[in-house]
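In: make a model of this:
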Amino acid sequence: MRRVVLGVCGGIAAYKAVEVCRRLVDAGVHVAPVMTEEATRFVGPLTFSALASEPARTALFEGSIPHTDLGQSADLVVVAPATAHLLARYAAGMADDLLTATLLATRAPVLVCPAMHTEMWEHPAVQENLAVLRRRGVEVVDPEVGPLAGGDTGAGRLAEPGDIVARALSLLARRDLEGVAVAVSAGGTREPIDPVRFLTNRSSGKQGHALAEAAARRGATVTLVTSAPRPVPAGVHAVRVETAAEMERAMTDAAAAADVVVMAAAVADFRPKAPAERKLHDVPDLVLEGTPDILAGLAARRRPGQVLVGFAAETDDVAERGRRKLEKKGVDLLVVNDVTAPGAGFDHDTNSVTILEAGGGVTEVPLTTKAAVADAVLDRIVARRAEGSET
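Out: Reported below is the predicted structural model:
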């Protein structure tokens, strides 16, 4: 698991660091909070201890050698908010508290997120300190223009937590899909009964969107074919669809140029044979027909070396049904989950899956965030591609 030291300084924007902490944990990151003494005047250490992966630390002389332990084990150090005082001490190489000592004791990438009043942000000393840090390789998320403490408005407002977390995850990401084209489907399709009604399922599209986002962070060029009304992850090209027929056309087009195809969508298995052109006012007798087996079609048309991944949401005999589908569909990997299990399946932020591989490999992923499940699936895809290149 990737480890982040989250440094929190004493500014009113410290409350936003709580959301940064929560989002990093939700993304499957181990978060170790480090607070300056001034930060504890704005947010209590107990808040971070409750949300993070380990208790918040505030003291330099706490434990054996906490700053070297934290610095050496970190994959990334994020400071949010970073005050003018912290930036000056860091640029000068001072190590007079746990956070600055950790910053000097790490070889991990460092991301600072300044927040202060406009006059301080624009002061030449602050800008010179930032220039020094940038020359040393420190990453910076510049503040935004907006409301500040005391009723003021201007430059210096801490960047939004989502933007900070996106930058942090980008720095943490393994770039093992650099130059790889990935096509991902997501969401449940809607099959019209009439102009105002449709048949669908409980899929939220969260797992498919998480896969697209994780693949993009790892360097892939990603096309996301989605029926879910969810935001498109940064750096991802999205194709919006609604019905199974639309998804089949879009995925066929996207797969033609893809090195990896992940069919995570929950496509409706059947649809009304003759949708009404006008709103129905009486209870209809619906005649249903099957929808295209998109995954089987992609398997039949796939190019040599292309990795094909399917998903199977089951409610009973999960393992056996998964093995049969793996053989029937002709895919490289099949991600199987029991959608009746607590915290797993449709519309949850968490999931637990079993990844079955052609040839017999099995990877169990216990209940965790859907972001962590996405990385586990991508890990197996990367391994599969490496095995293919060796044969």
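In: what pairs with residue 31 across the strands?
Out: residue 4 (DSSP bridges).
In: which pLDDT value does the model give it?
Out: Residue 31 carries a pLDDT score of 97 in this model.
In: now swap in residue 210 and tell me
Out: On the pLDDT scale, residue 210 gets 94.
In: look at it and give its secondary structure.
Out: helix (DSSP: H, G, I helix; E, B strand; the rest coil).
In: excluding covalently adjacent residues, which one is nearest to residue 323?
Out: Spatially, and ignoring its direct neighbours in sequence, residue 323 is nearest to residue 356 (6.5 Å; CB to CB, 6 or more residues apart in numbering). C-beta coordinates here come from the backbone N, C-alpha and C atoms, glycine included.
In: tell me which residues touch residue 121, please.
Out: 84, 114, 143, 155, 156 (CB atoms under 8 Å, 6 or more residues apart in numbering).
In: narrow those residues to those in strands?
Out: Taking DSSP state E, the ones among the contacts of residue 121 that sit in strands are 114, 155, 156.
In: can you list these in TSV and add neighbour count, pLDDT and distance to residue 323?
Out: Putting these into TSV (neighbours: other CB atoms under 10 Å; pLDDT from 0 to 100; distance: CB to CB, whole Å) gives the following:
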residue	neighbour count	pLDDT	distance to residue 323
114	27	97	53
155	16	92	58
156	27	94	58
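In: next, count neighbours for residue 327.
Out: Counted with other CB atoms under 10 Å, residues neighbouring residue 327 total 11.
In: C-terminal to the helix or strand containing it, what's the next element?
Out: Under the criterion of DSSP states H and E, residue 327 resides in helix 318-329. Sequence order places strand 333-338 as the next helix or strand after helix 318-329, per DSSP H and E.
In: contacts made by that following strand with the rest, please.
Out: Residues contacting strand 333-338 (CB under 8 Å, 6+ apart): 264, 307-315, 318-319, 321-322, 325-326, 344-345, 351-358, 377, 380-381, 384.
In: what about the stretch 151-300 of the chain, any weak spots by pLDDT?
Out: Filtered on pLDDT under 70, the stretch 151-300 of the chain yields no residues whatsoever.
In: where exactly do the strands run in it?
Out: Using DSSP state E, counting those that start in this stretch, the strands of the stretch 151-300 of the chain run over 153-157, 181-186, 191-194, 197-199, 221-226, 236-240, 260-263, 270-272, 288-290.
In: please apply the same query to the stretch 1-150 of the chain.
Out: 3-8, 30-35, 76-82, 110-114, 139-140, 144-147.
In: show me what contacts the closest residue to residue 20 other than its chain neighbours?
Out: The shortest distance from residue 20 to any non-neighbouring residue, by CB to CB, 6+ apart, is to residue 161 (4.7 Å). By CB under 8 Å, 6+ apart, residue 161 lies in contact with 16, 19, 20, 23.
In: okay, the second one: pLDDT?
Out: Going back to what we said before, that points to residue 19. Listed pLDDT for residue 19 reads 97.
In: quick one, what contacts it?
Out: residue 161.
In: again with the third one
Out: With CB under 8 Å, 6+ apart as the criterion, the residues that contact residue 20 are 6, 78, 80, 161, 164, 165, 168.
In: distance between stretch 286-296 and the chain's centre?
Out: 31 Å (CA atoms, centre = their mean, to the nearest Å).
In: err, stretch 203-220, not the other one
Out: In terms of CA atoms, centre = their mean, the centre of stretch 203-220 is found 7 Å from the chain centre.
In: what does stretch 147-160 give?
Out: 28 Å.
In: can you give me the end-to-end span of it?
Out: Start-to-end span of stretch 147-160 (CA to CA, to the nearest Å) is 13 Å.
In: who touches it?
Out: Stretch 147-160 is contacted by residues 11-13, 16, 80-81, 113-118, 120-122, 141-146, 164 when judged by CB under 8 Å, 6+ apart.
In: from the residues you listed, which would you call buried?
Out: Buried by 16 or more other CB atoms under 10 Å: 11, 13, 16, 80-81, 113-118, 121, 141, 143, 164, out of those.
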